[in-house]
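*Asks:* quick one: sequence plus predicted model below, questions after.
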Amino acid sequence: MGPADHETATSLSDLGLLLRDKGDRAGAEALLRETLAVTRTSRGPKHPDVATALANLALTVNERGDPAAAEAMFREALAIGQASLGKDHPGNAQRLVNLAGTLRREGKLAEAEARNEEALALSRPALGRDHPAVARQEVSLAHIYLDQGRPAAARSLLLHVLEVQQQSYAAGDWRLGTTQSLLGAASTRLSRFAEAEPYLLRAFDLLPVPPGSEGPKARESRANRERLIALYEAWGRPEKAAIYRSPLTP
């Protein structure tokens, strides 16, 4: 079909996303930049597929530590989506959440919260509050609440998310570990230590990764280990905190 065909772009994108999940950010970024260039040529600069290609590239750029560049890409992707689909189209919800996540990483918490709330205002009426996609967007908002020092708001949201995910995901799905880890973090900050511990321990069981691993699951595993340490230190149990400082913890 040639190097500038849309099917070529789709294959490039799939391979780039696979490399990103394996932790090869440099390889992923190169392929996703090529995907964006081919998509712009094959679809035109304002097509929704260009917005998708921009978002995939921006996620990778954000992961390698350049949130300012990622923010610009997410804003462009959102503008294309709103122009092509309409500002109130639910298809823009994930673009808003992506932008919110980068704004959060930059410390722009007020705008991050507003963008995430805007996303939920689109997706909740379209999909229903108990849809897994809505739950994922609520997880993003809970992250923002925690960064804002609002653990009670995060806990309330995450309890609903966990209920939805337990109906949607297999019992051993690592994403359940992510939600329970965040619940443990919220409970720790509320000094509800006995409540936090089982959430964090279940998350530890759901997030096993070999030392040195990369990718989303590995990042969540490391974050959960840090939350376990924070729990036991706040609870006055330094001997248990020491267990999770060791990279050899089973």
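*Replies:* Yep, it's here. Residues are numbered from 1 along each chain as shown.

*Asks:* from here on, just use CA atoms for contacts and neighbour counts.
*Replies:* Fine.

*Asks:* and the residue nearest the centre of the chain, what element?
*Replies:* In the chain, the centroid-proximal residue (Cα atoms, centre = their mean) is residue 140; its distance is 6.5 Å. Element membership for residue 140, per DSSP states H and E: helix 132-147.

*Asks:* what sits up against the helix or strand just after that helix?
*Replies:* Going down the chain from helix 132-147, the next helix or strand is helix 151-168, by DSSP H and E. With contacts defined as Cα atoms under 8 Å, 6 or more residues apart in numbering, helix 151-168 is touched by 130-132, 135-136, 138-139, 141-143, 145-146, 176, 179-180, 182-183, 186-187, 189-190.

*Asks:* and with 10 Å instead?
*Replies:* The set of residues external to helix 151-168 that reach it, using Cα atoms under 10 Å, 6 or more residues apart in numbering, is 129-148, 171-173, 175-180, 182-190.

*Asks:* thinking again about what came up before, so the residue nearest to the centre of the chain touches residue 101, yeah?
*Replies:* Yes: under the criterion of Cα atoms under 10 Å, residue 140 makes contact with residue 101 at 7.0 Å.

*Asks:* list only buried entries from the contacts of helix 151-168.
*Replies:* 129-146, 175-180, 182-189 (16 or more other Cα atoms under 10 Å).

*Asks:* could I get the pLDDT score of the closest residue to residue 62 other than its chain neighbours?
*Replies:* Spatial nearest neighbour of residue 62, excluding adjacent residues (Cα to Cα, 6 or more residues apart in numbering): residue 70 at 5.4 Å. Looking at residue 70, its pLDDT reads 96.

*Asks:* show me the chain divided up by domain.
*Replies:* The chain breaks down into these domains under automatic domain parsing: 1-127, 152-250.

*Asks:* what's the burial count for residue 122?
*Replies:* 20 (other Cα atoms under 10 Å).

*Asks:* which strand or helix spans it?
*Replies:* According to DSSP H and E, residue 122 maps onto helix 109-127.

*Asks:* any buried residues in the host helix or strand of residue 79, and which?
*Replies:* Per DSSP H and E: residue 79 is located in helix 67-85. Buried residues in helix 67-85, counted by 16+ other Cα under 10 Å: 67-68, 70-71, 73-82.
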